[in-house]
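In: From the sequence below, what's the structure:
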Amino acid sequence: VYSNQLLRILADIRQANGMVADLHGTPTGLLRVHSRMVIGHQFIVPILHRFHARYPQIQVELELSNYPADLVAKGIDIDIRMGRLTDSSLVVRKLLPSERLLCASPAYLDRAPPITSPEDLRAHSCLNYRIHQAPPMWRLRTRDGQETVVPVTGAFHSNSGLALLQATLDDMGISIMNDWTVRDHLAQGRLRRVLPGYEVTFSDFENGIYAVFQRSSGVPSKIRHFLDFLVAEFKALKMQAGAE
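Out: As a prediction, the model looks like this:
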């Protein structure tokens with residue numbers, strides 16, 4: 001209990017310091033951001049130079065991992081998350097809708113048995129995203145809501161989406177990929193969709209990208225400016241994807 005109270009006091013001090021900095025008019029200070037690794041590498045890191053050019057007095061500290069961050073305990077200002085969010089104490093802004101796709105390389109599909117139904121996946125090398133030791137299960141759902149759960153095995157498992165993407169490109173099997181990760185690979189023929197009539201997931205079917213931060217009476221301007229910047233950048237990305 002004492003440690004939780006101390007963490008809350010420290011969070012209040014950080015918020016108060018941010019509000020004092022806001023009185024100077026120009027957003028300043030250290031902004032601590034946490035992100036899922038693949039989102040950080042693919043989306044956040046490539047746009048930080050534009051944010052810095054616009055707000056040079058804000059120093060960004062970016063931490064990447066595959067787990068949601070405890071904002072209070074770690075002093076995180078903004079966490080970029082994927083999937084269903086259940087913590088009502090946090091403020092949430094959706095940045096990008098997303099769906100997961102089954103993908104494989106043309107070379108793998110040409111040599112492997114045909115796939116016409118979810119049950120056919122049992123005979124394939126399924127490259128699974130692993131963050132725990134439970135037996136891998138893939139969930140597939142038709143557009144009218146019929147769901148199938150298939151136990152899968154494969155030549156490679158990892159807790160890194162980037163590692164799984166590379167293994168898929170290297171003809172090692174079938175993987176579940178976020179649409180924004182494989183969009184260019186699909187368009188250029190390096191990957192093909194598998195069972196395109198199905199939604200697919202290894203966890204939950206809700207997997208949009210969200211920015212979350214602590215609920216408070218006053219949000220420091222460094223957080224507001226970064227959130228507005230992210231929303232604008234992801235909106236442009238969504239419009240670009242829709243135009244292709």
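In: Packing partners of the helix or strand containing Leu237?
Out: Using DSSP states H and E, Leu237 sits in helix 221-243. Counting contacts by 3 or more CB pairs under 8 Å, 6 or more residues apart in numbering; DSSP states H and E, helix 221-243 is packed against helix 2-22, strand 29-36, helix 45-54, strand 58-65, strand 78-82, strand 90-96, helix 179-187, strand 209-214. In this view, the C-beta of every residue, glycine as well, is placed from N, C-alpha and C.
In: Kindly recompute the last result at 6 Å.
Out: Under the contact criterion of 3 or more CB pairs under 6 Å, 6 or more residues apart in numbering; DSSP states H and E, helix 221-243 touches strand 29-36, strand 90-96, strand 209-214.
In: Kindly reformat these as JSON lines containing distance to Ser175, mean neighbour count and mean pLDDT.
Out: Formatted as JSON lines, the helices and strands packed on helix 221-243 follow (distance: least, CB to CB, whole Å; neighbours: other CB atoms under 10 Å; pLDDT from 0 to 100):
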{"stretch": "strand 29-36", "distance to Ser175": "17", "mean neighbour count": "21", "mean pLDDT": "95"}
{"stretch": "strand 90-96", "distance to Ser175": "20", "mean neighbour count": "16", "mean pLDDT": "90"}
{"stretch": "strand 209-214", "distance to Ser175": "19", "mean neighbour count": "20", "mean pLDDT": "92"}
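In: closest to His157 out of the ones you listed?
Out: Nearest to His157, of all these, is strand 29-36, at 17.8 Å by CB to CB.
In: Which strands border the closest one, and is each parallel or antiparallel?
Out: Taking DSSP bridges as the criterion, strand 29-36 forms sheet pairs with strand 58-65 (parallel), strand 78-82 (parallel).
In: so what's the most centrally placed residue in the chain scoring on pLDDT?
Out: Centroid-nearest residue in the chain: Met82, 4.3 Å away (criterion: CA atoms, centre = their mean). You'll see Met82 listed with a pLDDT of 87.
In: wouldn't it be in contact with Asn207 here?
Out: Yes: assessed by CB atoms under 6 Å, Met82 is found in contact with Asn207 at 5.4 Å.
In: quick one on the thing from earlier: distance to Ala236 for the helices and strands packed on helix 221-243 - can I get that in JSON lines?
Out: As requested, the helices and strands packed on helix 221-243 are exported to JSON lines (distance: least, CB to CB, whole Å):
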{"stretch": "strand 29-36", "distance to Ala236": "18"}
{"stretch": "strand 90-96", "distance to Ala236": "11"}
{"stretch": "strand 209-214", "distance to Ala236": "14"}
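In: on that earlier part again, buried sites along the helix holding Leu237?
Out: With burial defined by 16 or more other CB atoms under 10 Å, the residues of helix 221-243 counted as buried are Ser221, Lys222, Ile223, His225, Phe226, Leu227, Phe229, Leu230, Glu233, Phe234.
In: got it, and stretch 195-206?
Out: Within stretch 195-206, the residues scored as buried using 16+ other CB under 10 Å are Leu195, Tyr198, Glu199, Val200, Thr201, Phe202.
In: What about those residues, which are in strands?
Out: Cross-referencing the buried residues of stretch 195-206 against strands under DSSP state E gives Tyr198, Glu199, Val200, Thr201.
In: gap between the helix holding Leu237 and the chain center?
Out: Counting by CA atoms, centre = their mean, to the nearest Å, helix 221-243 is centred 15 Å from the centre of its parent chain.
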